[in-house]
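Student: sequence first, then the predicted structure, then my questions.
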Amino acid sequence: MTVRHASCSCGQLHLTVDGEPARVSMCHCLECQRRTGAVISNQARFKTEQVTVSGKATTWQRTAESGSVITFHFCPVCGSTVYWENDAFPGVIVVAVGAFADPTFPAPGIAVWEQTRHSWLELPADTPPTHMAKQG
């Protein structure tokens, strides 16, 4: 079984993840752009039982455009958002792909909230578009 490790920038908040993600996606919503400081957010969904969390996290919640409540878990030392939970997807932990710092991590298989995608950002040709109302 594949074991991966994700962490914040300083390494204080660390995840050990067993197995493959159920889905890897990229989100173009404006809130993800603000949260990451980038024009796109990449995330991987795992079942809660696949993830072991070590270290301390601070949380912050917001209501998504879809109406679901998202709880972000970030490092209180360096501020990196490492993972989050969305009440629309119980039993799922969503991990920021960049927190794995692994260039071999599986590519996103879906793009969401494309209506706010930057026009100059090109997606891989095989990425199916969607305008899903649920982020992450």
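Tutor: Alright, I've got the coordinates.
Student: how about the helices in the protein?
Tutor: 30-36 (DSSP state H).
Student: low-scoring stretches of it, by residue?
Tutor: 28, 30, 32-33, 38-39, 111-121, 123-136 (pLDDT under 70).
Student: what residues does the residue most central in space within the chain make contact with?
Tutor: The structure's the chain has its C-alpha centroid closest to Gln43; by Cα atoms, centre = their mean the separation is 2.9 Å. Going by Cβ atoms under 8 Å, 6 or more residues apart in numbering, Gln43 touches 24-27, 84, 94-97, 136. The C-beta positions use only the backbone N, C-alpha and C, and glycine is treated the same way.
Student: quick check, Arg45 in contact with Phe89.
Tutor: Yes - if you go by Cβ atoms under 8 Å, Arg45 and Phe89 touch, sitting 7.1 Å apart.
Student: what's the end-to-end length of stretch 72-91?
Tutor: Start-to-end span of stretch 72-91 (Cα to Cα, to the nearest Å) is 15 Å.
Student: so what touches that stretch?
Tutor: 6-10, 12-13, 15, 35-36, 43, 45, 47-48, 51, 53, 55-62, 64, 66, 68-71, 92-96, 99, 134-136.
Student: rewinding a little: neighbour count and distance to Val77 added to the contacts of Gln43, as a markdown table?
Tutor: A markdown table is the format used below for the contacts of Gln43 (neighbours: other Cβ atoms under 10 Å; distance: Cβ to Cβ, whole Å):
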| residue | neighbour count | distance to Val77 |
| --- | --- | --- |
| Val24 | 18 | 27 |
| Ser25 | 23 | 28 |
| Met26 | 23 | 27 |
| Cys27 | 25 | 26 |
| Trp84 | 23 | 18 |
| Val94 | 26 | 21 |
| Val95 | 25 | 19 |
| Ala96 | 23 | 16 |
| Val97 | 21 | 21 |
| Gly136 | 25 | 24 |
